[in-house]
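J.: just coords:
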């Protein structure tokens, strides 16, 4: 039987510009699956593992800036979306999550594939809707269309995020012979008109007066997509008004004037007093640098955060003002109204930045082959203005240590888990022909191996897997590193390599054990190919820890030199 409101749902999605759906197999969701697959304007793909499917959809929506639809059957299938849904919520990525369900009368009655699905994602979605379970009345049909419109509109409104529609479905699920799929040519649609908030003239007057007292201004961008207009404004503020801009790699706003190597000196003892700002202005989402957060929490500073919806984000524990406006609009105004800042403040930060810039290359000349030195070499070879996906734990930290990038840096820092990094990168490859480089550790890589279990080509995917056969970050954290249970219960040592996985999925594969093999492999790693390519870098976890310590010691000496 064809359920017309389900066809209407898909037609509304297409009308509102949704072009991609990620579907997972199941019978209860068959009406949804067929409706999406047969719609000519929506590209549907099937991913069997719902956890992987969720992150693939996230990786696509992250790049497209538009909702991607997720469809699954009833029961535990919906639970497997939860890691990706929570990541999308905290990264503010739009998803439309459609979960098929049994009708209410069959919940908790020993019927198969049945759980409590309503509100299953709790606070990790912007809202949950319950689709009507019958359409005998015209009002029920009207209600179904209203739900779909509202859900899509809400997923896009700032802050963007996942929205859930739970859809109870009764048998029969499949069309009978002779039934035709007839999508409405003009489905009922309504939109939400929004505009970027602006600060009032009165507010700007107060801010301008307050800025007269500020001598040391620091701007900190959090995680976001590249924005050339914002980048230009931040460089202008640094160059013309001595503003210090401190930018992690995931900010994608590391300009010519930015401080990018701060993790090499923040946290050291005896930092010069002139490094402390009077005022910090932040915008965007999360930061990688724990040392930056800890440094600022210890200072007597004021903190303003730009947040268009006005929500409080008190990362440094000194929040004094929320600026409910767009970053671009505010920094355009600031560039015209900010008094020139104290030059010694900017010089102190830039002096340390330049010392580390000069010290980094020679620091790697004397260290052995390992993860850190591999990434020092690799990052020079990745095509500019391509996309780099970083797994959590050490991959993202190494890249942050190594300074300014001109590629787009993508990392799941919403919840900062290791789950889904492969799948998110796969989703990205579905949206672009540019090279997509995934840099990952062995634990994250093997945890998400089902990312590659599908039938879609990914010729632009390049994977660099750092295999130290353990969760190496725990050797670098003082607490677990000192415990006798370190190797078995924290590092969780494992013996796998990627050879069999590459053979199973048809990837090109090379195992790298020394610098000579690395240099040779990188000569054609980014050459066009019909298949994804994997470089597996085999190293020792204790040796990687020692290399990191050696580089830190070298940098510390360089910083202390007059």
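T.: Structure's in. What do you need? Note that the coordinates shown come from a computational prediction; the quantities given were computed from them, not determined experimentally. Residues are numbered from 1 along each chain as shown.
J.: Enumerate every residue touching the closest residue to residue 143 other than its chain neighbours.
T.: Nearest residue to residue 143 in three dimensions, chain neighbours excluded: residue 132, at 5.7 Å (C-beta to C-beta, 6 or more residues apart in numbering). In short, each C-beta sits where N, CA and C put it, glycine included. Residue 132 is in contact with 5, 140-141, 143-144, counting by C-beta atoms under 8 Å, 6 or more residues apart in numbering.
J.: which element is the closest residue in space to residue 359 that isn't next to it in sequence on?
T.: Sequence neighbours aside, residue 558 is the residue nearest to residue 359 in space, at 3.5 Å (criterion: C-beta to C-beta, 6+ apart). Using DSSP states H and E, residue 558 sits in helix 541-560.
J.: what's in contact with that helix?
T.: 264-265, 268, 352, 355-356, 358-360, 362-364, 366-368, 370-373, 394, 468-470, 472, 475-476, 481, 491.
J.: try 6 Å
T.: With C-beta atoms under 6 Å, 6 or more residues apart in numbering as the contact definition, helix 541-560 has outside contacts at 264-265, 355-356, 359, 363, 367, 370-372, 468, 470, 472, 475-476.
J.: Buried residues in it, which are they?
T.: 541, 543-545, 547-548, 550-551, 554-555, 558-559 (16 or more other C-beta atoms under 10 Å).
J.: repeat for stretch 53-70
T.: Here stretch 53-70 shows 53-64, 66-70 as buried, counting by 16+ other C-beta under 10 Å.
J.: Let me see the mean pLDDT of that stretch.
T.: Per-residue pLDDT values over stretch 53-70 give a mean of 98.
J.: which stretches of the stretch 451-562 of the chain form strands?
T.: Assigned by DSSP state E, counting those that start in this stretch, the stretch 451-562 of the chain shows strands spanning 461-467, 508-512, 533-538.
J.: Repeat that for the stretch 301-450 of the chain.
T.: Going by DSSP E, counting those that start in this stretch, the stretch 301-450 of the chain shows strands at 302-306, 319-323, 387-390, 408-411, 436-441.
J.: Ok, the stretch 101-250 of the chain next?
T.: Counting by DSSP E, counting those that start in this stretch, the strands of the stretch 101-250 of the chain are 128-130, 162-168, 217-221, 244-245.
J.: Give me the sheet partners of the shortest one and which way each runs.
T.: Strands that pair with strand 244-245, judged by DSSP bridges, come out as strand 217-221 (parallel).
J.: Just want the angle from the partner strand to strand 302-306.
T.: 40 degrees (axes from the mean of the first three to the mean of the last three C-alpha atoms, to 10 degrees).
J.: what does strand 217-221 rub up against?
T.: Residues contacting strand 217-221 (C-beta under 6 Å, 6+ apart): 243-247, 251, 253, 277, 279-284, 341.
J.: Ok, stretch 251-261 next?
T.: Contacting residues not belonging to stretch 251-261 are listed as 221, 226, 231, 234-235, 238-239, 245-247, 349, 353, 356, 403-404, 408-409 [C-beta under 6 Å, 6+ apart].
J.: Distance from the chain centre to it, please.
T.: 18 Å (C-alpha atoms, centre = their mean, to the nearest Å).
J.: tell me how far the ends of it are from each other?
T.: With C-alpha to C-alpha, to the nearest Å as the measure, stretch 251-261 spans 13 Å from end to end.
J.: Check stretch 364-374 too.
T.: Start-to-end, stretch 364-374 (C-alpha to C-alpha) is 10 Å.
J.: go on, stretch 506-522?
T.: 20 Å.
J.: Contacts for that stretch next, please.
T.: By C-beta under 6 Å, 6+ apart, stretch 506-522 touches 369, 381, 502, 531-538.
J.: Closest one of the residues you listed to residue 302?
T.: residue 381 (42.8 Å; C-beta to C-beta).
J.: gap between the closest residue to the closest one other than its chain neighbours and residue 498?
T.: Ranked by C-beta to C-beta, 6+ apart and with sequence neighbours excluded, the top spatial neighbour of residue 381 is residue 522, at 4.8 Å. For residue 522, the distance to residue 498 equals 17 Å [C-beta to C-beta, to the nearest Å].
J.: More neighbours: those two, which one.
T.: Set side by side, residue 522 and residue 498 show more neighbours around residue 498, with 23 against 19, by other C-beta atoms under 10 Å.
J.: That one against residue 534, yeah?
T.: Yes: Residue 498 lies in contact with residue 534 (C-beta atoms under 6 Å); the separation is 5.5 Å.
J.: Between those two, which contacts overlap?
T.: If you check residue 498 and residue 534 against C-beta under 6 Å, 6+ apart, no residue is contacted by both.
J.: Check the residue of the chain most remote from its centre and give its pLDDT.
T.: The outermost residue of the chain relative to its centre, with distances by C-alpha atoms, centre = their mean, is residue 178 at 45.7 Å. pLDDT, residue 178: 81.
J.: now residue 185: how far from residue 20?
T.: With C-beta to C-beta as the criterion, residue 185 and residue 20 are 22 Å apart.
J.: out of these two, which sits in the busier spot?
T.: Neighbour totals were compared for residue 185 and residue 20, and residue 20 leads with 22 against 7 (other C-beta under 10 Å).
J.: How about the contacts made by the residue lying closest to that one once chain neighbours are set aside?
T.: In this structure, residue 20 finds its nearest non-sequential neighbour in residue 68, 4.8 Å apart by C-beta to C-beta, 6+ apart. By C-beta under 6 Å, 6+ apart, the residues touching residue 68 are 20, 57, 60-61.
J.: okay, those in TSV with distance to residue 153 next?
T.: TSV is the format used below for the contacts of residue 68 (distance: C-beta to C-beta, whole Å):
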residue	distance to residue 153
20	18
57	19
60	20
61	15
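J.: which one of those is nearest residue 1?
T.: Among these, residue 20 lies closest to residue 1 (C-beta to C-beta), at 26.9 Å.
J.: While we're on the closest one, how confident is the model there?
T.: So residue 20 comes in at 98 (pLDDT).
J.: Next: residue 313.
T.: On the pLDDT scale, residue 313 gets 90.
J.: Tell me which residues touch the residue nearest to it when sequence neighbours are not counted, please.
T.: Counting by C-beta to C-beta, 6+ apart, the nearest residue to residue 313 once its immediate chain neighbours are dropped is residue 305, at 5.0 Å. Counting by C-beta under 6 Å, 6+ apart, residue 305 touches 282, 313, 322.
J.: what residues are up against the closest residue in space to residue 338 that isn't next to it in sequence?
T.: Closest residue in space to residue 338, ignoring its immediate chain neighbours: residue 241 at 5.2 Å, by C-beta to C-beta, 6+ apart. Residues counted as contacts of residue 241 (C-beta under 6 Å, 6+ apart) are 338, 340-341.
J.: What separation is there between residue 241 and residue 398?
T.: In terms of C-beta to C-beta, residue 241 sits 33 Å off from residue 398.
J.: Residue 377 now?
T.: 12 Å.
J.: quick one: low-confidence ranges for the stretch 401-550 of the chain?
T.: 471-478, 488, 491 (pLDDT under 70).
J.: how about 90 then?
T.: Applying pLDDT under 90 to the stretch 401-550 of the chain picks out residues 418, 468-496, 541-542, 545.
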